[in-house]
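>>> for reference, the sequence and a predicted model appear below.
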Amino acid sequence: MMATILRNDQTALESAKETIVDVIGRPLDDQLAIEALYGYSLMGNPDIGDRLRSFYDKSDKGRVGTHATAL
């Protein structure tokens with residue numbers, strides 16, 4: 001499982017860890033607000049557009065499956 005996690009972008013991993021640490025012990029409304037705030041702060045990163053495009057195109061690095069998943 002750790003190998004799968006480590007294949008992800010390091011910036012994304014750091015952001016996820018920071019969010020988890022900051023929301024522990026807070027009420028749910030505060031947790032959701034903090035998560036949204038962190039998400040919007042990353043939108044200024046010029047790499048985000050390319051990362052999202054590769055994710056939606058299912059061509060992101062480390063992808064395990066190649067088939068579309070039904071919603």
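Structure received. Numbering: from 1, shown residues only.

>>> what comes up buried for the helix or strand where I34 lies?
Secondary structure from DSSP states H and E places I34 in helix 28-42. Judged by neighbour count using 16 or more other Cβ atoms under 10 Å, the buried positions of helix 28-42 are Q31, E35. For the C-beta atoms, the positions are set from N, CA and C on the backbone; glycine is no exception.

>>> got the contact list for that helix?
Contacts with helix 28-42, where a contact means Cβ atoms under 8 Å, 6 or more residues apart in numbering, come from T11, S15, E18, T19, D22, V23, R26, I48.

>>> and the worst-scoring helix or strand of the chain on mean pLDDT, what does it pack onto?
Taking mean pLDDT, DSSP states H and E as the measure, the helices and strands of the chain show their lowest mean at helix 48-56, namely a mean of 74. Here helix 48-56 is seen to pack against no other helix or strand when contacts are counted using 3 or more Cβ pairs under 8 Å, 6 or more residues apart in numbering; DSSP states H and E.

>>> any idea of the angle that helix forms with helix 28-42?
In this structure, helix 48-56 runs at an angle of 110 degrees to helix 28-42, with axes from the mean of the first three to the mean of the last three Cα atoms, to 10 degrees as the basis.

>>> Three-state assignment for the spatially most central residue of the chain, please.
To find the centre residue of the chain, average its C-alpha atoms and take the closest one (Cα atoms, centre = their mean): that gives A12, at 5.1 Å. Under the three-state scheme (DSSP: H, G, I helix; E, B strand; the rest coil), the conformation of A12 reads as helix.

>>> which pLDDT value belongs to it?
With respect to pLDDT, A12 has a value of 76.

>>> burial of K17, as a residue count?
K17 sits with 10 neighbouring residues when counted by other Cβ atoms under 10 Å.

>>> cool, T4 as well?
9.

>>> check P46 too.
6.

>>> that one sits in which helix or strand?
Assignment of secondary structure by DSSP H and E places P46 within no helix or strand.

>>> distance check, it against L28.
Taking Cβ to Cβ, to the nearest Å as the measure, P46 and L28 are separated by 32 Å.
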